[in-house]
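Trainee: Below are the sequence and a predicted model for it; my questions follow.
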Amino acid sequence: MDRRSAPSTAPGGLFDYLPDRHATYLIETVYHGLLAEGATFYFTNIARNNPYRSLIEHLGEWILIERSEDDIRALCRDARVPEEAVRTRRDETGLAVLVEVESRMPDMTTTSLKQAISY
């Protein structure tokens, strides 16, 4: 696949396991290196204050990294993603943060629009 040609992509719950440094690196790599213009990078993260956390950790020995919407926005900011490109919301249960990071289409100035039409 060519650089910056990835269509919209969604890695599921991967971010629940990635420390901040690795999550930031992945966001930066996808946004600046792989995501096609106008495409969207979708991901989820288990939300902070999960009421089932103690059960998950103690009974299931399952450790997840919880993040708030502000935490996710900070990761994106550290990854040099424009704030207006990031949208977050909670799923129906309130237990997961759903994230959309949309790459921007190139600015169509009058000159570039004329060049595109004459091509």
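Mentor: Alright, I've got the coordinates.

Trainee: Please determine how far residue 44 is located from residue 64.
Mentor: 11 Å (Cβ to Cβ, to the nearest Å). The C-beta positions use only the backbone N, C-alpha and C, and glycine is treated the same way.

Trainee: For those two, work out which one has more neighbours and name it.
Mentor: A count of neighbours by other Cβ atoms under 10 Å puts residue 44 above the other of residue 44 and residue 64, at 19 against 16.

Trainee: Next, work out how far apart that one and residue 37 are.
Mentor: Noted for residue 44: a distance of 24 Å to residue 37, by Cβ to Cβ.

Trainee: Also residue 68?
Mentor: Taken as Cβ to Cβ, the span from residue 68 to residue 37 is 29 Å.

Trainee: now do residue 25
Mentor: From residue 25 to residue 37 the distance is 21 Å (Cβ to Cβ).

Trainee: neighbour count winner among the two?
Mentor: More crowded of residue 25 and residue 37, by other Cβ under 10 Å: residue 25, with 15 against 10.

Trainee: which SS class is that one?
Mentor: Classification of residue 25 using DSSP: H, G, I helix; E, B strand; the rest coil returns helix.

Trainee: contacting residues for it?
Mentor: Applying Cβ atoms under 8 Å, 6 or more residues apart in numbering to residue 25 gives the contacts residue 79.

Trainee: Please report the distance of it from residue 42.
Mentor: Distance from residue 25 to residue 42, by Cβ to Cβ: 18 Å.

Trainee: So which bits of stretch 56-65 are buried?
Mentor: By 16 or more other Cβ atoms under 10 Å, the buried positions in stretch 56-65 come out as residue 64.

Trainee: how far does that stretch sit from the chain's center?
Mentor: Put simply, stretch 56-65 sits 24 Å off its chain's centre (Cα atoms, centre = their mean, to the nearest Å).

Trainee: Number the chain from 47, please
Mentor: I'll keep to 47 as the first residue from here, and by that count the last item is stretch 102-111.
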